[in-house]
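Colleague: When you get a sec, could you give me coordinates for this:
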Amino acid sequence: MLKTAFALTVLWTLAANLHAQALDHSHADAQRQAEVAGRGKDVMPFSLAATTHVFSKTAEGGIQQVVAKTPEDATQVQLVRQHLQEIQQRFLKGDFSGPAHIHGQDMPGLAELKAAKPGQIEIDYSDIEGGAQLLFKTSDPALIAALHQWFDAQLSDHGKDAMEGDAHHGEMMNR
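Modeller: Below you'll find the model as predicted:
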């Protein structure tokens, strides 16, 4: 009986500690997302709250889409398209200063993307319904892994304004 009571006390203490850690982590995530949203205003001309970032990993890299939550919002759609066209050109030159400013220099995958040689990563822009997308393709396994880490970091940092997409859906939208 005493062993059972002791075991239950230990289990309860562990559970309480795990719950407290989860709450701390959740608070830290919310604080980080607020900081990222604040810095995002310096780089992204569109409203983060009025748009959704969709990140779809593929075997060759991934698809980053930004769409207006209200597709009829012509202003947001135009701002998204203009921004993604501009960052495509910067990314092709190895300039990832925008994401570095928003997410930090130590953002997962960023150092590898910045170090890529011109032409190692194809980045194609296209308009999609309600916004635009960038299609990232490479044959380098290290860069594919870096793109996937970079996508994961953005998903985490953008919180409710981002979602993981289905690569097949993104490819269908690209046709």
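Colleague: Next SSE downstream of whichever helix or strand Ile144 is part of?
Modeller: Here Ile144, judged by DSSP states H and E, is contained in helix 141-158. Counting by DSSP H and E, the next helix or strand C-terminal to helix 141-158 is strand 162-164.
Colleague: Partner strands of that next one and their direction?
Modeller: Applying DSSP bridges, strand 162-164 is found paired with strand 51-58 (parallel).
Colleague: can you list contacts of the strand it pairs with?
Modeller: Strand 51-58 has contacts (C-beta atoms under 8 Å, 6 or more residues apart in numbering) with 62-69, 76, 80, 131, 137, 147-148, 151-152, 154-155, 158, 161-167, 169-171. From N, CA and C alone the C-beta is placed, and that goes for glycine too.
Colleague: among these, which ones are buried?
Modeller: Burial by neighbour count, judged by 16 or more other C-beta atoms under 10 Å, picks out 62-68, 76, 80, 131, 137, 147-148, 151, 154-155, 158, 161-162, 165, 167, 170 from these.
Colleague: Against which helices or strands is the helix holding Ile144 packed?
Modeller: On a contact count with 3 or more C-beta pairs under 8 Å, 6 or more residues apart in numbering; DSSP states H and E, helix 141-158 meets helix 2-43, strand 51-58, strand 61-68, helix 97-103, helix 110-115, strand 162-164.
Colleague: Look at the closest residue in space to Gln76 that isn't next to it in sequence and report its pLDDT.
Modeller: Excluding its sequence neighbours, the residue lying closest to Gln76 (C-beta to C-beta, 6 or more residues apart in numbering) is Ala68, at 4.1 Å. pLDDT, Ala68: 94.
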